[in-house]
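Q: Quick one, fold the following:
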Amino acid sequence: MKLAVVSLTNGGMSWGYRKYLVNVLPLLRQNPAVSELHVMLPAATLPKLEPVHSYANWHTWDRKSWLVGPWVRQQLNRIGADVILVPSQRLVQTSLPTVVTVQNMEPLIAPFAGNPWSETLRHLGRWLATWRACQRATRVIAISDFVRRFLVERWRLNPEKIGLVYHGVDSAEPVAENQLPAELRSLRGAEFLLSVGSIRRYRGLEDAIEALAMLADEFPRLRLVVAGEVDPRMRGYRRALQRLAEKLGVADRLVWPGFLSERVLAWCYQNCRVLVMTTRVESLSVVALEAMRNGCISVVTAVGPIPELLQQSAFYYQPGERSEMARQLRRALLLDEEHRAEMAAMVRRRAAEFTWQRTAELTMLELHKALRERPPATGRGS
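A: As a prediction, the model looks like this:
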């Protein structure tokens, strides 16, 4: 099998998407059924995949993804590809069997969510691109049962066309405390809540700030670490969060370290008192998987795939119900050490079920199914 992986983005690459490619591409190439692995992607993203450069033949472009259709088709014909995997929920229409992966649910469920109009327009374009890709692909991979049910119940896709393939999770060795970045050194020996993820409106970080304020008197040393980059289009939201914290008198309890390396993040997971997830929508949640792998006690929103992943081993609240979040945080913070150890062991056992090897095996199964099934109709455009 000559496999072509086509990453149709405009040059961006989230941390979760990078981890997916870095872990899955070598496993796909090592599968005996794959004789050649070709990866097509924007030139700007190639350096981010340096650890796996030796596993594939790389083909790059330096133009917007919606303009690359003819170039991609030319490359596919030149290499004689047998099947295409598109992990970025867009499609270049060809006569080849194609498997599309739905990895981002924000534009499908929350395209508005108080975003600036420019971001809303981008989301609407992503919604349309994803819908077209799912309609035209030979097969569709959903990365959680939540995504699968959305595609079947909301978009009326044939359930026989959809494969369920969870992502895996790996572990990282935490940094030593003397190697922590300056923003985190004051946390050594302190009690802190941890939020991980890019600073975007759908993350619902207001919940955590208001809940922290409600608990301020009872837990005077408690702090909140908000780890993640600020999307350039979300700087106004970041300023609004700061103003809220100042209004509630907890601005000095917030730590904004920005993007953290994998090893620093591992230290945070292993030393936080509680992980908080205030998100309004997720497709799978790399953060939830990593928190489970590190044995975190979690207070999370009961939305999307999060209950699917964490099952009974987390404290849940409904998005926006900040008093309820504060109540659940209090329960988590007051757990005795025996119950904390039991919950930590439970989530670690659950995390062990999510392996990259399993992800690659199920992805190969979907590729073989696509080869056996009728390919999409030949067309032009992307």
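Q: All the helices of the stretch 101-250 of the chain, residue numbers only.
A: Under the criterion DSSP state H, counting those that start in this stretch, helices of the stretch 101-250 of the chain are mapped to 106-109, 117-136, 145-153, 206-214, 235-248.
Q: As a markdown table, those with mean neighbour count and distance to Trp71 would be great.
A: All C-beta atoms are positioned from the backbone trio N, CA, C, and that covers glycine. Listed next are these as a markdown table, based on neighbours: other CB atoms under 10 Å; distance: least, CB to CB, whole Å:
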| stretch | mean neighbour count | distance to Trp71 |
| --- | --- | --- |
| helix 106-109 | 21 | 25 |
| helix 117-136 | 16 | 17 |
| helix 145-153 | 18 | 29 |
| helix 206-214 | 22 | 44 |
| helix 235-248 | 15 | 34 |
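Q: Out of these, the one nearest Phe259 is which?
A: When those are compared by CB to CB, helix 235-248 sits nearest Phe259, at 13.5 Å.
Q: so what secondary structure elements neighbour the following helix or strand past the closest one?
A: Remark: after helix 235-248, the chain's next helix or strand is strand 254-258, criterion DSSP states H and E. On a contact count with 3 or more CB pairs under 8 Å, 6 or more residues apart in numbering; DSSP states H and E, strand 254-258 meets strand 223-227.
Q: Tabulate the helices of the stretch 101-250 of the chain (JSON lines), appending distance to Leu334.
A: Compiled in JSON lines, the helices of the stretch 101-250 of the chain are given as follows (distance: least, CB to CB, whole Å):
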{"stretch": "helix 106-109", "distance to Leu334": "34"}
{"stretch": "helix 117-136", "distance to Leu334": "39"}
{"stretch": "helix 145-153", "distance to Leu334": "31"}
{"stretch": "helix 206-214", "distance to Leu334": "15"}
{"stretch": "helix 235-248", "distance to Leu334": "22"}
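Q: how about those, which one is nearest Gly16?
A: helix 106-109 (12.2 Å).
Q: CA atoms only: put that closest one into PDB for me.
A: C-alpha atoms of helix 106-109 as PDB (Å, rounded to 0.1, in the frame of the first residue of the first chain):
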ATOM      1  CA  GLU A 106     -15.300  23.900  17.800                       C
ATOM      2  CA  PRO A 107     -16.400  25.100  14.400                       C
ATOM      3  CA  LEU A 108     -19.100  22.400  14.100                       C
ATOM      4  CA  ILE A 109     -20.700  23.100  17.500                       C
END
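Q: quick one: average pLDDT of that helix?
A: Predicted confidence along helix 106-109 averages 87 (mean pLDDT).
Q: Counting by contacts, list what that helix packs against.
A: Counting contacts by 3+ CB pairs under 8 Å, 6+ apart, helix 106-109 is packed against helix 117-136.
Q: Taking their axis directions, the helix it packs on and helix 145-153 sit at what angle?
A: Interaxial angle, helix 117-136 versus helix 145-153 (axes from the mean of the first three to the mean of the last three CA atoms, to 10 degrees): 70 degrees.
Q: what's the spacing between helix 117-136 and its chain's center?
A: 18 Å (CA atoms, centre = their mean, to the nearest Å).
Q: So which of the helices of the stretch 101-250 of the chain is nearest Leu310?
A: helix 145-153 (12.7 Å).
Q: where does the stretch 251-382 of the chain have low pLDDT?
A: 374-382 (pLDDT under 70).
Q: got the CA coordinates for stretch 325-339 in CSV?
A: Listed in CSV are the C-alpha atoms of stretch 325-339, where the atom choice follows Å, rounded to 0.1, in the frame of the first residue of the first chain:
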residue,chain,number,x,y,z
MET,A,325,-18.1,24.3,40.1
ALA,A,326,-17.0,25.8,43.4
ARG,A,327,-18.8,23.1,45.3
GLN,A,328,-17.2,20.3,43.2
LEU,A,329,-13.8,22.0,43.6
ARG,A,330,-14.3,22.1,47.4
ARG,A,331,-15.1,18.3,47.4
ALA,A,332,-12.0,17.6,45.3
LEU,A,333,-9.7,19.8,47.5
LEU,A,334,-10.9,18.2,50.7
LEU,A,335,-10.4,14.6,49.6
ASP,A,336,-8.3,12.7,52.1
GLU,A,337,-5.1,11.1,50.9
GLU,A,338,-6.7,7.6,50.7
HIS,A,339,-9.5,8.6,48.4
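Q: Next, the buried residues of stretch 63-77.
A: Buried residues in stretch 63-77, counting neighbours by 16 or more other CB atoms under 10 Å, are found at 65, 68-69, 72-73, 75-76.
Q: How far does that stretch stretch from one end to the other?
A: End-to-end distance for stretch 63-77: 20 Å, by CA to CA, to the nearest Å.
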